[in-house]
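A.B. asks: Got a predicted structure plus its sequence, pasted below:
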Amino acid sequence: MALHITGDTAADTLLTENPLALLVGMLLDQQVPMETAFAGPLKIEQRTGATDAAAIAHLNPDEFLEAFKQTPAVHRFPGSMAARVQTLCQELVDHWGGDAAALWTEGDPSGAEVLKRLKTLPGFGEQKAKIFLALLGKQYGFTGDGWREASAPYGEEGSYRSVADIVSPESLTKVREHKKAMKAAAKAEK
């Protein structure tokens, strides 16, 4: 299994090999292009040397913010997103032993249970949690009972709705087209 989300081999390798990086990439995936969000964990690692939840949670917040602000910035809203990443990492330390993968591996959870766990995380509402669950099921080897149903509609086989469906440049184009069509439809409803 190898993820192909960012178009950057090093960033995609980190996402593939480090569950925390994948979770942080999903957290950062708002108001920036998907590739930018999911390349963020590599920038964080390169700038801070931190690769695990405990290390990130315990970094000096001002220094962590500076790492976020370096050009190119990790996110277009470095202040709020740097704080959110540290809060997420502290949550993982406090409740999951610092292990992001425990969210979907501890106790052999069902899809519904993983969704519930994800929704307790800072920055993970219903939609983001469903998209991440679909990503786990479609590309990260998660096979918990009912994951497709729990992640609906993002878990649908053959769909191109979200980052969960990006496996190539072609699928990225299809996801972008879907998002564009959804925005146009929402605008037309107003």
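C.D. replies: Right, received. Where do you want to start? Residues are numbered from 1 along each chain as shown.
A.B. asks: On the three-state scheme, the residue nearest in space to the middle of the chain is what?
C.D. replies: Closest residue to the average C-alpha location of the chain: Met26 at 1.6 Å, with CA atoms, centre = their mean. Secondary structure for Met26, judged by DSSP: H, G, I helix; E, B strand; the rest coil, is helix.
A.B. asks: so who does it touch?
C.D. replies: 37-38, 124, 128, 131-132, 135, 163 (CB atoms under 8 Å, 6 or more residues apart in numbering). (C-beta placed from N, C-alpha, C; glycine too.)
A.B. asks: Phe38 versus that one, what's the distance?
C.D. replies: 8 Å (CB to CB, to the nearest Å).
A.B. asks: okay, and the common contacts of these two?
C.D. replies: Looking at what touches both Met26 and Phe38 (by CB under 8 Å, 6+ apart), the common residues are Val163.
A.B. asks: wait, what's in contact with the nearest residue to Asp108 once chain neighbours are set aside?
C.D. replies: Of all residues not flanking Asp108 in the chain, Gly144 sits nearest, at 7.3 Å (CB to CB, 6 or more residues apart in numbering). Residues in contact with Gly144 (CB under 8 Å, 6+ apart) are 104, 108-111, 113-114, 137.
A.B. asks: and the lowest-mean-pLDDT helix or strand in the chain, how far out from the chain's middle?
C.D. replies: Confidence across the helices and strands of the chain bottoms out at helix 169-189, with a mean of 89, counting by mean pLDDT, DSSP states H and E. The chain centre lies 19 Å from the centre of helix 169-189; the measure is CA atoms, centre = their mean, to the nearest Å.
A.B. asks: May I have stretch 71-84 as PDB, with CA atoms only?
C.D. replies: Output in PDB follows, covering the C-alpha atoms of stretch 71-84 (Å, rounded to 0.1, in the frame of the first residue of the first chain):
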ATOM      1  CA  THR A  71       7.900  29.900   3.500                       C
ATOM      2  CA  PRO A  72       6.100  28.000   2.000                       C
ATOM      3  CA  ALA A  73       3.700  28.100   5.000                       C
ATOM      4  CA  VAL A  74       2.300  24.800   6.200                       C
ATOM      5  CA  HIS A  75      -1.200  26.300   6.000                       C
ATOM      6  CA  ARG A  76      -2.800  29.600   5.000                       C
ATOM      7  CA  PHE A  77      -3.900  30.100   8.600                       C
ATOM      8  CA  PRO A  78      -0.700  29.200  10.500                       C
ATOM      9  CA  GLY A  79      -1.800  30.400  13.900                       C
ATOM     10  CA  SER A  80      -5.000  28.600  14.300                       C
ATOM     11  CA  MET A  81      -3.800  25.400  12.500                       C
ATOM     12  CA  ALA A  82      -0.500  25.200  14.400                       C
ATOM     13  CA  ALA A  83      -2.500  25.300  17.700                       C
ATOM     14  CA  ARG A  84      -5.000  22.800  16.300                       C
END
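A.B. asks: and stretch 20-35, how far out from the chain's middle?
C.D. replies: Taking the mean of its C-alpha atoms, stretch 20-35 sits 4 Å from the chain's own mean (CA atoms, centre = their mean).
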